[in-house]
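this is a predicted model, with the sequence first.
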Amino acid sequence: MAVTTQQRIKSIVGSLRTERNTHGYTQRSLASTIGVNESTVNGWEGNGGSIGLEEAWRIADTYGISLDQLAGRDITFDAN
């Protein structure tokens, strides 16, 4: 079964919130750290507002994780 765009957005929104909480940030503290308004972070988490690549990189770097992890994408590599 194919994953819809809406399902992907919901997954990313949930992952953004989960990672922020896991790493001990409030929306306000994350916004301050990456240089955006708190309302911007709220929009990303609340309604799947569009997040730019630069902001996603800053968030991933802040948490010390990859963009795949930030997006909730599980990548498993087969060495064979």
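Happy to help now that I have it.

give me the phi and psi angles of Gly14.
Here is the backbone geometry of Gly14 (degrees, to the nearest 10): phi -60, psi -40.

the nearest residue to it once chain neighbours are set aside: what's it in contact with?
Leaving aside its sequence neighbours, Gly14 sits nearest to Gly72 (C-beta to C-beta, 6 or more residues apart in numbering; 6.7 Å). Every residue, glycine included, has its C-beta placed from N, CA and C. For Gly72, the contacting residues are 11-12, 14-15, 18, by C-beta atoms under 8 Å, 6 or more residues apart in numbering.

swap in 10 Å and give it another go.
With contact set as C-beta atoms under 10 Å, 6 or more residues apart in numbering, Gly72 has these partners: 8, 10-16, 18-19.

ditto for Thr40
By C-beta under 10 Å, 6+ apart, the residues touching Thr40 are 27, 30-31, 34, 49, 51-52, 55.

these, buried ones only, as a ChimeraX selection?
Here is the ChimeraX command that selects the buried residues among these (16 or more other C-beta atoms under 10 Å):
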select :27,30,31,34,51,55
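
quick one, phi psi at Ile12?
Torsion angles, degrees, to the nearest 10, at Ile12: phi -70, psi -40.

find the residue ranges of the chain scoring beneath the pLDDT cut-off.
Where the chain drops to pLDDT under 70, the residues are 1, 3, 5, 48, 75-80.

could you redo the last one with a cut-off of 80?
1-13, 47-49, 72-80 (pLDDT under 80).

which residues of this protein fall in helices?
Along the chain, counting by DSSP state H, helices occupy 5-22, 27-34, 38-47, 53-63, 67-70.

got the angle for the second one vs helix 53-63?
Orientation note: helix 27-34 sits at an angle of 100 degrees relative to helix 53-63 (axes from the mean of the first three to the mean of the last three C-alpha atoms, to 10 degrees).

CA atoms only for helix 27-34, dumped as CSV, please.
C-alpha atoms of helix 27-34 as CSV (Å, rounded to 0.1, in the frame of the first residue of the first chain):
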residue,chain,number,x,y,z
GLN,A,27,9.2,25.3,21.3
ARG,A,28,10.6,28.6,22.5
SER,A,29,14.0,27.4,23.3
LEU,A,30,14.3,25.5,20.0
ALA,A,31,13.2,28.6,18.1
SER,A,32,15.8,30.7,19.9
THR,A,33,18.5,28.2,19.2
ILE,A,34,17.9,27.9,15.5
